[in-house]
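In: here is a sequence together with a model predicted from it:
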Amino acid sequence: MSRFFATGSDSESEESSSADEITPKATGTTLTKQALLLSDEEEDTKRLVRSAKDKRFEELTNLIKTIRNAMKIRDMSKCLEEFEQLCRAFLKSKTIVDKEGVPQFYIRLLADLEDYLNQLWEDKEGKKKMNKNNAKALSTLRQKIRKYNRDFESEIANYKENPEESADDDEEKDDADSGSGSDSSDDDGEEITAKSFMKKKPAEPTPDASKFLKGAPDEESDSDDDDDEDWGSETVDSGSESEDNEGNSASLALVFLKKAPEGSRQDPDRKKEDRKKRHKKKDEAIEEEGEEEGQDEEQGWENVKRGVPMIKEKPKMFAKGTEINTAVVVKKLHEILQARGKKGTDRAAQIDLLHALAAISNENNLGEGVSVKIKFNIIASLYDYNPNLAAFMKPEMWKKCLECINELLDILIDNSNIFIGENIAEDSENLAISDQPFRVRGCVLTLIERMDEEFVKIMQNTDPHSQEYVDNLKDEGRVCAIVDRLLQYLEAKGTTEEVCRVFLRRIMHTYYKFDYKAHRRSLGLQGESKSEQDQEESEGEDSAVIMDRLCKFIYAKDRTDRIRTCAILCHIYHHALHSRWYQARDLMLMSHLQDNIQHADPPVQILYNRTMVQLGICAFRQGMIKDAHNALLDIQSSGRAKELLGQGLLMRNMQERNAEQEKIEKRRQVPFHMHINLELLECVYLVSAMLLEIPYMAAHEFDARRRMISKQFHHQLRVGERQPLLGPPESMREHVVAASKAMKMGDWRTCHSFIINEKMNCKVWDLFPEAQRVREMLVRKIQEESLRTYLFTYSSVYDSISMETLADMFQLELPTVHSIISKMIINEELMASLDQPTQTVVMHRTEPTCLQNMALQLAEKLGGLMENNERVFDLKQGVYGGYFNRDQKGGYQQKQGYQRDQKGGYQQKQNYQRGGYRSQNQGSY
């Protein structure tokens, strides 16, 4: 009989159960009956009765665990879904929360989740990397949590002030709940035995039952002895019982149903005391540590934080006692490289391993071949540290890269018996020390080209207005020194193709820099530099000589069009930058690059645009106004000068350019220190257009078919005319428009004051190397073009005018005035003749007056209107073909050809011909 149905004491029930179990059992039906009874008893033991509070709180804790897991992996969609379920579960448990209060673990989650979401929201780079669903879920969840946390502001504030105390209170509450839960479960289990309520033992201090559960803490050392004493008799009984039950395997489940006496439950007050003791010990330990810190600092000791020590051990390359030779090191190198590019590989650790391997090979003197092989792989690993192409190298990685490349070049230059090349197979490498020269697979030129590209990326991604940009720009000297050293190495061992590639790298670092020392030397100012260093630098080779030598080598030896094209463009740019206009112009015309540049790749097109702009600015400085305007016309008329020069992107619709194309275009941008001033460029273009357009407008004022030289200049004039209130000009464009209006009236002084003043000097003219010479040239051009405009505008007013008067009005020399007027007469722009004895200009009055000009314009417009009306009338009458047959020869034959090309055209043509015939007949009648 089962002990649950016994009416005696516990000892009696145990004796009776043991007596029942010892009796032998018959086979057959009795066994199945016993088994059925046991299965029912096992079902009873598995049943667990829990309170509503436990159920609700367990549901909440499970949801909180899921949310925290989703937070770890940044799954915002999962977080949002589980948070909504958590809110619904909390509403269900509202009655329990009203009685017990909001649980502390719930408050902790709300506070942590809000902080976590705010941190994610501030991480702009992390938000960009999120997919669309996660980003949307992040914004939605952030709004919900902020709105939801308003109801728990005081609890969250208390938790944030004292998070440790809140955690302790929560633990105490959980322990008390578990104690009450065990009481209730024990009571539920013992409800069947009535004697259990009648015979109660006196309450004795008993140990915590949770001490015997799996994973229970062992901190309560004070109560260990008491626990052993209290549970000693029970363990003996359970042992004897297990011995009695050895032969009865069917009732083994009954052994595990033994319950501890009620007095063994620990009082919660005692738990609180134990917890206070533990906190007291912790505080004392912290105070002792604080006292020891001062002593340690005096003695030179370092304080170590608590927890598991994070010891960063050096990676063990080889087992102890391993003989280090070339084969072993190369094998280890291949093992390290096999992890390269795999998911989960720590790239920084891989670089450290390669450095450690290089140190081991140097310690064991394995030769330069192994060192070169390892250096190649270290540099490649540094380049692979950023898997994203758009990302740039960190400063520490960049410094390591430069150091490694310098060390590699040191080895290669000092040891002439090392041969490297991409055509050397790994099987045919010779890395061991022997009589044969070292043979290593690799290409140092590719590594240095990649280094140059990384330098450009660093400059592209640095704020150009910060000190960091200046510091990074200082590294260009180191980059150029590395390129020069590589050039020294390849001139001895490289092919002509490789030398051309290195020459181009050197040219790209030189072509855009103005050589101030050569400029001073050309002006005869080199004697002013007093220091020895300045004298040494001034005695060095001019950049013009360097560019000429490098570019001519490429012209002669290069077999690829791209390198030669880039070299020509850089050479033209350098000539134009140093005001060598005729050399630059001749080189551009001889190269014929303008014919097929549209087939080049975008970086070469950007270089071509930069060269044309610099050529136009050079022509302007030399006073070649027409050439300057023609060179700048294509760039400025497009309205996309910034984008065409690779100096930034314009805002466009996503239909014209998607995100991927935008990234590619950003990688093509020119670093800030290579930019051309866009305001200076626009000012040069507008002033050139003004000097060409204003005299042309005055000469063809009444010409209805006159063409525009510059649309952009006319647009600026129209904008200026639309303004209802004209104040003093402020921007550069307004200055040019005001100067144009003054020039149109022949007032050169006002025009000069608008073009050359303090504001325009600061913005534009002082940026030129020879600013004063440019200003003098501009004054001269304004005087000459104002004179031409004056003669075009007011020639109908004069019968004759003295050239001396004109020279005084425009402050020009008499020969200059004579030359200008002679050119105008020869080109038939001015209908006049020169009277040499009196030095006067006699007007012939052959040109029409204003009234006649207006009458001619009216006649032309009426003629055009009449032609348009006739065509519209013929179209309505269906005699368009007849109209052409009547006016043009060969119209009939063209219509026959049109009939053969398209179906159905024959009938239409017949109708047109018949209609035309009728109209002709009617017209003749």
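Out: Received, thanks.
In: where does the prediction get shaky in the stretch 451-600 of the chain?
Out: 524-540 (pLDDT under 70).
In: mind listing the helices for it?
Out: Secondary structure of the stretch 451-600 of the chain (DSSP state H, counting those that start in this stretch): helices located at 467-473, 475-493, 496-508, 516-522, 532-539, 543-557, 561-577, 581-591, 593-596.
In: buried deepest among these, which one?
Out: When the helices of the stretch 451-600 of the chain are scored by mean count of other Cβ atoms under 10 Å, the highest mean neighbour count falls to helix 561-577 (a mean of 22). From N, CA and C alone the C-beta is placed, and that goes for glycine too.
In: need the three-state assignment for S833.
Out: Following DSSP: H, G, I helix; E, B strand; the rest coil, the label given to S833 is strand.
In: let me see the contact set for it.
Out: S833 is in contact with 825, 841-842, 844, counting by Cβ atoms under 8 Å, 6 or more residues apart in numbering.
In: okay, and the residue lying closest to A380 once chain neighbours are set aside sits in which element?
Out: Nearest-residue entry for A380: L447, 7.6 Å, with adjacent residues in sequence omitted and distances by Cβ to Cβ, 6 or more residues apart in numbering. Using DSSP states H and E, the element containing L447 is helix 444-460.
In: report the angle between that helix and helix 496-508.
Out: Calculated by axes from the mean of the first three to the mean of the last three Cα atoms, to 10 degrees, helix 444-460 forms an angle of 20 degrees with helix 496-508.
In: what comes up buried for helix 444-460?
Out: Residues of helix 444-460 classed as buried by neighbour count (16 or more other Cβ atoms under 10 Å): 444-445, 447-449, 451-452, 454-460.
In: residues making contact with it?
Out: 376, 379-380, 383, 392-393, 398, 401-402, 405, 408-409, 412, 420, 422, 469, 472-473, 475-476, 479, 482-483, 486, 489-490, 494, 498, 501-502, 505, 508, 666-667, 669, 671-673.
In: got a PyMOL select line for the buried ones in the contacts of S833?
Out: A single PyMOL command selects the buried members of the contacts of S833 (16+ other Cβ under 10 Å):
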select buried, resi 825+841
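In: looking at the contacts of S833, which one is closest to S416?
Out: Nearest to S416 among the contacts of S833, counting by Cβ to Cβ, is I825 at 75.4 Å.
In: skipping adjacent residues, who's closest to the closest one in space?
Out: Per Cβ to Cβ, 6+ apart, closest to I825 is A832, 6.0 Å.
In: that neighbour and S795: what is the separation?
Out: Per Cβ to Cβ, to the nearest Å, A832 is found 7 Å from S795.
In: right, and L686 touches H715 too?
Out: No: applying Cβ atoms under 8 Å, one finds L686 not in contact with H715, separated by 10.5 Å.
In: more crowded one of those two?
Out: Neighbours per residue (other Cβ atoms under 10 Å) separate L686 from H715, with L686 holding more: 25 against 12.
In: that one belongs to a helix?
Out: Yes: under three-state DSSP, L686 sits within a helix.
In: confidence score at it?
Out: On pLDDT, L686 comes in at 93.
In: need the contact list for it.
Out: By Cβ under 8 Å, 6+ apart, the contact list for L686 reads 712-713, 716, 732-733, 736.
In: ok, 7 Å please
Out: Contacts for L686 (Cβ atoms under 7 Å, 6 or more residues apart in numbering) come out as 713, 716, 733, 736.
In: skipping adjacent residues, who's closest to I597 in space?
Out: Closest residue to I597 apart from its sequence neighbours, by Cβ to Cβ, 6+ apart: Y608 at 5.0 Å.
In: Q598 versus that neighbour, what's the distance?
Out: 10 Å.
In: settle it for me: which of these two has more neighbours?
Out: More neighbours surround Y608 than the other of Y608 and Q598, with 23 against 8 (other Cβ under 10 Å).
In: what's the helix or strand for the more buried one?
Out: Secondary structure (DSSP H and E) places Y608 in helix 602-621.
In: quick check: angle from that helix to helix 496-508?
Out: Relative orientation of helix 602-621 and helix 496-508, computed by the same axes, to 10 degrees: 50 degrees.
In: convert the C-alpha atoms of helix 602-621 to PDB, please.
Out: Output of helix 602-621 as PDB, limited to C-alpha atoms (Å, rounded to 0.1, in the frame of the first residue of the first chain):
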ATOM      1  CA  PRO A 602      36.200  58.700 -65.700                       C
ATOM      2  CA  PRO A 603      39.400  59.400 -63.800                       C
ATOM      3  CA  VAL A 604      41.100  60.400 -67.100                       C
ATOM      4  CA  GLN A 605      38.200  62.500 -68.100                       C
ATOM      5  CA  ILE A 606      38.300  64.300 -64.800                       C
ATOM      6  CA  LEU A 607      42.100  64.900 -65.400                       C
ATOM      7  CA  TYR A 608      41.300  66.200 -68.900                       C
ATOM      8  CA  ASN A 609      38.700  68.700 -67.500                       C
ATOM      9  CA  ARG A 610      41.100  69.900 -64.900                       C
ATOM     10  CA  THR A 611      43.800  70.400 -67.600                       C
ATOM     11  CA  MET A 612      41.400  72.400 -69.800                       C
ATOM     12  CA  VAL A 613      40.300  74.600 -66.900                       C
ATOM     13  CA  GLN A 614      44.000  75.300 -66.000                       C
ATOM     14  CA  LEU A 615      44.700  76.000 -69.700                       C
ATOM     15  CA  GLY A 616      41.900  78.600 -69.800                       C
ATOM     16  CA  ILE A 617      43.100  80.300 -66.600                       C
ATOM     17  CA  CYS A 618      46.600  80.400 -68.100                       C
ATOM     18  CA  ALA A 619      45.300  82.000 -71.300                       C
ATOM     19  CA  PHE A 620      43.400  84.600 -69.200                       C
ATOM     20  CA  ARG A 621      46.600  85.500 -67.300                       C
END
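In: so what touches it?
Out: With contacts defined as Cβ under 7 Å, 6+ apart, helix 602-621 is touched by 562, 565-566, 569, 572-573, 576-577, 579, 581, 584, 588, 593, 597, 627-628, 631-632, 635, 644-646, 668, 676, 681, 684, 688, 768, 774.
In: swap the cut-off to 6 Å and go again
Out: For helix 602-621, contacts defined as Cβ atoms under 6 Å, 6 or more residues apart in numbering pick out 565, 569, 572-573, 576-577, 579, 581, 584, 597, 627-628, 631-632, 635, 644-646, 668, 676, 684, 774.
In: contact partners of the very next helix or strand once past it?
Out: With elements assigned by DSSP H and E, the helix or strand that comes after helix 602-621 is helix 625-638. With Cβ under 6 Å, 6+ apart as the test, helix 625-638 has contacts from 612-613, 615-616, 619-620, 641, 644, 685, 688, 691-692, 712.
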